[in-house]
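J.: here are the coordinates; sequence isn't available:
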């Protein structure tokens, strides 16, 4: 059962662990962030333009795919929409040397709309990426059911590759960041930021339309072997500063709380996005 203080979240999603009391939950989240921060200092990559960001991100994807295939025989990747979708689609679809049969493609978040809707992240990837490469294992959401049911269904899809009760360990998660510092569909001041029990949660009140979405939670994000956050443009500079150099004693914006506990963390930025950082 989920924490009862948040009725936005599904009550039937798969539990990870139970924490009773909001104050206890927030204390553990805060402590967990700082513990993770000590374990996964972000590696910053600053480039002149989007083309060089794309090249560097694609190189990381190719390297992590080869590493995962050698280690455990398959490569699991979580995709995001926005600028990330363009980087992945344009950068990867002509890479003939990749072993696409080993790929398992998930979404870090997705809008709860049908696949004909222009807001569908899956629809964009299908047209610009999946239709060009022989990837067979693609895990899209089910937009024909309610957003709560879609969230529960996505947990089941994740459990096909990662059975049991342990947290899944994705090989690579590709995240974007909005000017408000949100990542996936984890928005500032939203109750979903505090979720520590479920792998996936439904969002019904996203401040950015469309309002209904599903998203991975921090326990999943921070259990990945590698996470890459991609951010470009001066409009992101203040949020980047808050995420990477937060005020002491305060939690950073949502994207800044992604700190893999035993994995790598990369930030790919242009000069505009990184312009307010003191250290880069």
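T.: Cool, the structure landed. Not measured: the values here are computed from a predicted model.
J.: OK, contacts around residue 135?
T.: Counting by Cβ atoms under 8 Å, 6 or more residues apart in numbering, residue 135 touches 100, 103, 105. C-beta: built from backbone N, CA, C; applies to glycine.
J.: Kindly recompute the last result at 10 Å.
T.: Residue 135 sits next to 92, 98, 100, 101, 102, 103, 104, 105, 125, 129 when contact means Cβ atoms under 10 Å, 6 or more residues apart in numbering.
J.: now it: how far from residue 215?
T.: Going from residue 135 to residue 215 by Cβ to Cβ, to the nearest Å gives 22 Å.
J.: what does residue 44 give?
T.: Distance, residue 44 to residue 215, by Cβ to Cβ: 25 Å.
J.: Quick check: which ranges of the stretch 151-280 of the chain have low pLDDT?
T.: Judged against pLDDT under 70, the stretch 151-280 of the chain has no low-scoring part.
J.: Same question for the stretch 1-150 of the chain.
T.: For the stretch 1-150 of the chain, applying pLDDT under 70 flags the ranges 1-40.
J.: could you pull out the strands for it?
T.: Along the stretch 1-150 of the chain, the segments classed as strands by DSSP state E, counting those that start in this stretch run 43-47, 75-79, 103-107, 109-111, 137-138.
J.: okay if I get the ones you listed as a markdown table plus distance to residue 172 and mean neighbour count?
T.: Converted to a markdown table, these look like this (distance: least, Cβ to Cβ, whole Å; neighbours: other Cβ atoms under 10 Å):
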| stretch | distance to residue 172 | mean neighbour count |
| --- | --- | --- |
| strand 43-47 | 14 | 16 |
| strand 75-79 | 5 | 24 |
| strand 103-107 | 10 | 23 |
| strand 109-111 | 16 | 26 |
| strand 137-138 | 15 | 16 |
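J.: I'd like those strands as TSV, with distance to residue 147 appended.
T.: Converted to TSV, the strands of the stretch 1-150 of the chain look like this (distance: least, Cβ to Cβ, whole Å):
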stretch	distance to residue 147
strand 43-47	35
strand 75-79	19
strand 103-107	14
strand 109-111	10
strand 137-138	20
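J.: do you know how far the closest residue to residue 117 other than its chain neighbours is from residue 280?
T.: Closest residue to residue 117 apart from its sequence neighbours, by Cβ to Cβ, 6 or more residues apart in numbering: residue 123 at 7.0 Å. Using Cβ to Cβ, residue 123 is found at 36 Å from residue 280.
J.: same check, this time on residue 64
T.: Applying Cβ to Cβ, one obtains 23 Å for the distance of residue 64 from residue 280.
J.: Comparing these two, which residue is more hemmed in?
T.: Comparing residue 64 with residue 280 by other Cβ atoms under 10 Å, the one with more neighbours is residue 64, at 19 against 15.
J.: quick one: the helix ranked longest in the chain to strand 103-107, angle?
T.: Using DSSP state H, we find that the single longest helix of the chain is helix 50-72. Put simply, helix 50-72 runs at 120 degrees to strand 103-107, going by axes from the mean of the first three to the mean of the last three Cα atoms, to 10 degrees.
J.: tell me what helix 50-72 is packed against?
T.: strand 43-47, strand 75-79, helix 83-92, strand 103-107, strand 172-176, strand 226-231, strand 264-270 (3 or more Cβ pairs under 10 Å, 6 or more residues apart in numbering; DSSP states H and E).
J.: one more time with 8 Å, if that's ok
T.: Contacts defined by 3 or more Cβ pairs under 8 Å, 6 or more residues apart in numbering; DSSP states H and E place helix 50-72 against strand 43-47, strand 75-79, helix 83-92, strand 172-176, strand 226-231, strand 264-270.
J.: Can you list the strands that the fifth one pairs with?
T.: By that I understand strand 226-231. If you go by DSSP bridges, strand 226-231 pairs up with strand 172-176 (parallel), strand 264-270 (parallel).
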